[in-house]
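Engineer: here are the coordinates; sequence isn't available:
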């Protein structure tokens with residue numbers, strides 16, 4: 001399989017292809033549906049036929065190879081290429097503030113919680129901030145992760161703080177009748193939402209800043225490395241040599257690129273071109289970003305070389321230590337043991353350093369992880385279909401991993417029909433119930449006359465009917481119960497409307513601030529949303545009427561591990 005994925009990154013003389021060798025199963029990584037291939041990529045089944053005689057070319061004018069040639073000849077415009085714009089200092093300040101907040105998270109004086117003491121534990125404002133952030137991210141049940149995020153508090157101290165919050169929440173519920181207002185939906189802060197034109201303007205400011213930063217880095221690289229600051233495919237061929245081009249042994253040393261002697265530059269570039277930057281969606285495909293093929297800066301290669309040397313030194317030292325320990329222990333029984341480093345010493349050293357023993361799993365999962373379109377080029381040239389077959393991720397992983405196909409499972413999956421769920425019976429019962437309800441309602445309405453109902457009131461009635469019909473709890477179907485349930489549903493709808501109005505207000509203010517920061521005018525006049533007038537502040541909601549399962553922890557009885565799993569049976573007598 002000539003996928004060029006299992007070639008080493010380290011340089012070694014490439015063995016020439018044996019003449020007359022049988023054609024192997026070839027899998028090509030192509031992008032999207034047009035499948036435009038770069039000129040510098042290795043020859044495939046299609047590209048090899050292009051170098052054939054003119055008779056073969058004329059014979060294949062109407063075949064699939066001619067279709068591929070026409071597809072490759074069409075140029076592709078980089079639709080995601082960053083456009084030059086005006087640099088904005090205010091946007092740079094905003095970016096630096098966000099970066100600083102991520103590196104050094106701090107709270108403002110208004111949001112800072114006061115220090116307190118819970119039992120024998122003292123909580124600082126910064127520890128409380130970390131506690132509530134971890135509580136939001138991991139939930140209250142993952143106490144270990146919360147304690148790891150705080151770093152200065154143990155799991156017992158975190159549990160004690162959670163118990164304090166639970167007790168305070170219960171106390172607030174008991175004090176509602178004394179004038180303490182509950183926390184409503186609008187009291188929870190929500191993320192703001194910007195319009196699409198504002199997002200486009202922010203992207204343009206980001207592109208202008210990115211181009212400015214990229215230009216600054218390019219000037220720094222050129223000043224450091226000269227004309228060899230960017231390793232392209234042509235420069236890699238000059239350093240390593242290529243077919244018809246001899247290697248220049250003094251070029252790398254003359255330009256300060258001695259570290260490239262250890263790396264296979266052409267393979268690095270080809271992997272970036274065909275695998276790592278060749279996804280099936282435009283955002284991660286280099287052809288949609290820039291017209292030039294991928295390249296690597298000399299500084300990046302130098303950093304990779306430093307990492308390679310560092311890891312190699314660690315492996316060598318750990319291997320020598322493991323081998324010496326093994327030899328020393330072996331010489332106690334065999335004084336004439338040889339001082340040799342064996343393969344198991346290297347494997348043990350790699351495991352002790354926490355490194356992976358092989359890279360097989362990395363390449364096997366690469367197509368699925370990078371979302372590559374893998375096409376099978378094994379079809380014959382005379383195939384009437386004229387198109388290569390797009391392979392599934394499971395098939396690609398099986399081929400790369402050399403796993404045998406499971407014909408029994410494949411046949412079973414082909415024979416097994418798709419499971420279809422039918423709801424005729426359930427639907428008929430529901431329809432019958434609805435018909436009964438509608439009949440009863442029609443009987444009442446025929447006597448009392450038609451009563452107009454608004455859309456909001458209709459939604460309240462439908463939701464109340466759904467709760468009474470499908471709830472696992474048994475409610476007394478009385479007029480008082482239904483009215484109490486409807487009042488709570490109306491209260492929830494009103495809370496949602498107030499929250500929507502508050503969100504619209506915050507979105508408007510945030511977008512106005514963003515346009516002011518960008519020093520631009522919006523394409524359309526921003527209309528300030530009208531405030532929502534709330535008639536009353538509700539006290540209870542539907543969850544206060546019946547338990548929806550959120551308080552499931554209160555119904556659990558704690559049991560120790562030995563109560564659940566039992567105690568191990570330890571024999572009194574030890575067997576020798």
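Structural biologist: Received the coordinates, thanks. Every value quoted in this text rests on a predicted model; they were computed, and no experiment measured them.
Engineer: quick one, strands of the stretch 401-550 of the chain?
Structural biologist: Applying DSSP state E, counting those that start in this stretch to the stretch 401-550 of the chain gives no strands.
Engineer: residue ranges for the helices of it, please.
Structural biologist: Ranges of helices within the stretch 401-550 of the chain are 407-415, 424-448, 455-470, 479-518, based on DSSP state H, counting those that start in this stretch.
Engineer: now the helix or strand following the longest one: buried residues?
Structural biologist: Secondary structure here is assigned by DSSP states H and E; on that basis, the next helix or strand after helix 479-518 toward the C-terminus is helix 561-565. Of the residues in helix 561-565, none has enough neighbours to count as buried (16 or more other CB atoms under 10 Å). Every residue, glycine included, has its C-beta placed from N, CA and C.
Engineer: same question for stretch 139-149.
Structural biologist: In stretch 139-149, counting by 16+ other CB under 10 Å, buried: 143, 145-147, 149.
Engineer: equivalent analysis for stretch 213-229, please.
Structural biologist: Quick answer for stretch 213-229 (16+ other CB under 10 Å): 221, 225, 228-229.
Engineer: what does stretch 279-298 give?
Structural biologist: Neighbour count says stretch 279-298 has 279-280, 284-289, 293-298 buried, by 16+ other CB under 10 Å.
Engineer: repeat that for stretch 231-247.
Structural biologist: Residues 231-233, 235-241 are the ones in stretch 231-247 that count as buried (16+ other CB under 10 Å).
Engineer: export those residues to JSON lines and tack on distance to residue 359 and secondary structure?
Structural biologist: Listed next are the buried residues of stretch 231-247 as JSON lines, based on distance: CB to CB, whole Å; DSSP: H, G, I helix; E, B strand; the rest coil:
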{"residue": "231", "distance to residue 359": "23", "secondary structure": "strand"}
{"residue": "232", "distance to residue 359": "26", "secondary structure": "coil"}
{"residue": "233", "distance to residue 359": "24", "secondary structure": "helix"}
{"residue": "235", "distance to residue 359": "27", "secondary structure": "helix"}
{"residue": "236", "distance to residue 359": "22", "secondary structure": "helix"}
{"residue": "237", "distance to residue 359": "26", "secondary structure": "helix"}
{"residue": "238", "distance to residue 359": "29", "secondary structure": "helix"}
{"residue": "239", "distance to residue 359": "25", "secondary structure": "helix"}
{"residue": "240", "distance to residue 359": "22", "secondary structure": "helix"}
{"residue": "241", "distance to residue 359": "26", "secondary structure": "coil"}
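Engineer: got those as TSV, with pLDDT columns?
Structural biologist: What follows is the buried residues of stretch 231-247, written out as TSV (pLDDT from 0 to 100):
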residue	pLDDT
231	92
232	92
233	90
235	90
236	90
237	89
238	88
239	88
240	87
241	85
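Engineer: show me which of those residues is closest to residue 321.
Structural biologist: Nearest to residue 321, judged by CB to CB, of those is residue 240 at 35.6 Å.
Engineer: in this structure, where is pLDDT below threshold?
Structural biologist: 1-82, 105-111, 176-182, 379-387, 403-453, 471-476, 534-550, 566-576 (pLDDT under 70).
Engineer: domain parsing for it?
Structural biologist: 105-187, 470-536 (automatic domain parsing).
Engineer: for residue 327, find the nearest of these.
Structural biologist: Comparing those under CB to CB, the one sitting nearest is domain 105-187, at 40.5 Å.
Engineer: for residue 468, state which of the buried residues of stretch 213-229 is nearest.
Structural biologist: Nearest to residue 468 among those is residue 221, at 70.7 Å by CB to CB.
Engineer: report the contact partners of the closest one.
Structural biologist: 229-230, 297-299 (CB atoms under 8 Å, 6 or more residues apart in numbering).
Engineer: what's the closest of the residues you listed to residue 100?
Structural biologist: Proximity to residue 100 was ranked across these by CB to CB; first place goes to residue 299, at 25.6 Å.
Engineer: where does the closest one land in three-state SS?
Structural biologist: The three-state assignment at residue 299 reads helix, by DSSP: H, G, I helix; E, B strand; the rest coil.
Engineer: find the nearest non-adjacent residue to it, please.
Structural biologist: Nearest-residue entry for residue 299: residue 221, 6.3 Å, with adjacent residues in sequence omitted and distances by CB to CB, 6 or more residues apart in numbering.
Engineer: where does the one you found fall, secondary structure wise?
Structural biologist: Residue 221 belongs to helix 196-225, assigned by DSSP H and E.
Engineer: rewinding a little: out of the buried residues of stretch 279-298, list just those in strands.
Structural biologist: Of the buried residues of stretch 279-298, the ones assigned to strands by DSSP state E are 296-297.
Engineer: ok, which pair from the buried residues of stretch 279-298 is furthest apart?
Structural biologist: Taking CB to CB, the two most distant members of these are 280 and 298; they sit 30.7 Å apart.
Engineer: how close does the closest residue to residue 88 other than its chain neighbours sit to residue 234?
Structural biologist: Using CB to CB, 6+ apart and skipping the chain neighbours, the partner closest in space to residue 88 is residue 205 (4.9 Å). For residue 205, the distance to residue 234 (CB to CB, to the nearest Å) stands at 35 Å.
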